[in-house]
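Chemist: Here you go, sequence then predicted model.
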Amino acid sequence: MFSSIGKTIVLLGLGLVILGLIILGFAKIGVPFGNLPGDIKVERKNFAFYFPLVSFIILSVLLTVIVNVVLRFLKR
């Protein structure tokens, strides 16, 4: 039982590392991840609200693809 939990934690960690590298790669090539068109940003005198909607959607798609690829390799 604990070995499957350990494998899951390792896979999640690897997924986060890969995702981090992808985000760093976007920053190196000039893609403003976290500041894309469609991200909601409201700034007032004493108030700031920021919700990266489009960035979250892209992050979700990338994470879904990575998880599906990893799970396909594990099933073989």
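Modeler: Perfect, I can see it now.
Chemist: can I assume P52 is in contact with I23?
Modeler: No. P52 lies out of contact with I23 (CB atoms under 8 Å); the separation is 11.8 Å. To be clear about C-beta, it is placed using only N, CA and C from the backbone, and glycine gets the same treatment.
Chemist: residue nearest the centroid of the chain?
Modeler: L59 (3.9 Å; CA atoms, centre = their mean).
Chemist: element containing it?
Modeler: helix 53-75 (DSSP states H and E).
Chemist: Flag every buried residue along that helix.
Modeler: Buried residues in helix 53-75, counted by 16 or more other CB atoms under 10 Å: V54, S55, I58, L59, L62, I66.
Chemist: and what of stretch 28-39?
Modeler: F33, D39.
Chemist: Report the mean confidence score over that stretch.
Modeler: Per-region confidence: stretch 28-39 scores 80 on mean pLDDT.
Chemist: For the nearest residue in space to D39 that is not next to it in sequence, which residues are in contact?
Modeler: Spatial nearest neighbour of D39, excluding adjacent residues (CB to CB, 6 or more residues apart in numbering): P52 at 4.4 Å. Applying CB atoms under 8 Å, 6 or more residues apart in numbering, we find P52 in contact with G34, N35, L36, D39, I40.
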